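1. My questions concern the predicted model and sequence given below.
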Amino acid sequence: MVYGLQDVLFLRQMLESSQAEDRYKQVERQKLEAMLGLCEITTCRRQVLLSYFGEPDHPPCGNCDTCLEPVPVWDATDAARKALSAVYRSGQRFGVNHVVDILLGQETDKVLQNQHQRISTWGIGKELDRNQWRSVFRQLVARGLLNVDAEGHGVLLLNDRCRGLLRGEETIELRKDPRIPSGKGKKDYRSAARRDRANPAMRRLEPAEENLWEDLRALRKRLAQEQDVPPYVIFHDATLMEMVIYRPQTEQQMRSLSGIGERKFDLYGEAFLALIEEHQTAPNAWVRPV
Ligand SMILES: [Zn+2]
């Protein structure tokens, strides 16, 4: 699932500004929190769902997408602490962009106006870039460790749940987001290609590609039915789209696509390779993804 902090803020804002009754809003708020939490999960989804329903002791299921394709994570304890204390030191009156400016030690007008170059958290976060910091904040918000003001200005606020982290009693692992190129100035062909890969749905298909796409989806559906799992557990749409675009012909090529690890290749790789082979019209159709 691809979304950014803006989406989280937007959903929250929409909810808070709606005319609905408070009780209804409260329910919707909890649903939103649960959904965001599930999106950001880095461990077995079934485990999380079961513990949500009061059964905390299940082992990882081995079948959900995060079990089959472990989410790359990093120890973000230090970064999260810096992020939270930057919010605190700047008085809990600012949105993510300004707090990131503080962490990066940027001398913006807003920083200078507020004398934020003098607070202890100014410039302590130069080990991460702007996108990485935004990812940290998005995940902290989604996990309920940081709040966003109810008025919808995007102001970040601390809450009780982040105390353990701030005090150094808890650690936290966050999802590693794929690096999104900032694209300023640099003519980076690789990052443009990566951006396209990140959004394969934007690609318009040729008729021949359309056929392959439909056949890949049919194969996925059949496998999913046989194994009694939802289709996305086999491969996500994005992965199928990469197969259409890059036409892998070998295991190595197949495994360089996103969403295909060793285990998934072992389970499904050959079947999909064989199907792509049937659709091969021109030699050298393989284009290496970058
Ligand atoms: Zn699982």
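-> The structure has been received and is ready for your questions.
2. contacts and neighbour counts: CA atoms only from here.
-> OK.
3. Next one: residue 278 from residue 212, what distance?
-> 9 Å (CA to CA, to the nearest Å).
4. These two - which one has more neighbours?
-> Of the pair residue 278 and residue 212, residue 212 is the one with more neighbours under other CA atoms under 10 Å, namely 23 against 10.
5. May I ask you to confirm that that one belongs to a helix?
-> Yes: under DSSP: H, G, I helix; E, B strand; the rest coil, residue 212 falls within a helix.
6. Distance-wise, check it relative to residue 131.
-> 35 Å.
7. Check residue 50 too.
-> 33 Å.
8. Check residue 172 too.
-> 19 Å.
9. can you pull out the strands in the stretch 151-290 of the chain?
-> Under the criterion DSSP state E, counting those that start in this stretch, the stretch 151-290 of the chain contains strands at 156-158, 173-175.
10. rank those by mean pLDDT and give me the bottom one.
-> Least confidently modelled of the strands of the stretch 151-290 of the chain is strand 173-175, at a mean of 88 by mean pLDDT.
11. Just the buried residues of it, please?
-> Residues 174-175 are the ones in strand 173-175 that count as buried (16 or more other CA atoms under 10 Å).
12. Walk me through which strands that strand pairs with, and which way each runs.
-> Sheet pairing of strand 173-175 (DSSP bridges) gives strand 73-75 (antiparallel).
13. Quick one: distance of the strand it pairs with to the chain centre.
-> 13 Å (CA atoms, centre = their mean, to the nearest Å).
14. before we move on, what about stretch 260-273?
-> Worked out by CA atoms, centre = their mean, stretch 260-273 lies 23 Å from the chain centre.
15. same check, this time on stretch 111-131
-> Centroid separation for stretch 111-131 versus its chain: 25 Å, with CA atoms, centre = their mean.
16. Which positions in that stretch come out as buried?
-> So, applying 16+ other CA under 10 Å, buried residues of stretch 111-131: 111, 116-117, 121-125, 130.
17. per-residue confidence at the residue of the stretch 151-290 of the chain found nearest the ion?
-> Closest contact between the stretch 151-290 of the chain and the ion, by CA to the ion, is at residue 233 (10.3 Å). At residue 233, the model reports a pLDDT of 87.
18. Quick check: the gap between residue 233 and residue 115.
-> According to CA to CA, residue 233 stands 50 Å off from residue 115.
19. residue ranges of the helices in the stretch 101-250 of the chain, please?
-> According to DSSP state H, counting those that start in this stretch, the stretch 101-250 of the chain carries its helices in the segments 109-113, 130-142, 163-166, 189-198, 207-227, 231-234, 237-246.
20. Which of the ones you listed has the lowest mean pLDDT?
-> If the helices of the stretch 101-250 of the chain are sorted by mean pLDDT, helix 189-198 sits at the bottom with a mean of 39.
21. on that earlier part again, tell me the one of the buried residues of stretch 111-131 nearest the ion?
-> Minimum distance to the ion across the buried residues of stretch 111-131 is 31.7 Å, recorded for residue 130 (CA to the ion).
22. you'd agree the closest one is up against residue 99?
-> No: applying CA atoms under 8 Å, one finds residue 130 not in contact with residue 99, separated by 10.5 Å.
23. so what sits against both of the two?
-> Residues touching both residue 130 and residue 99 by CA atoms under 8 Å, 6 or more residues apart in numbering: none at all.
24. Cool, thanks, talk later.
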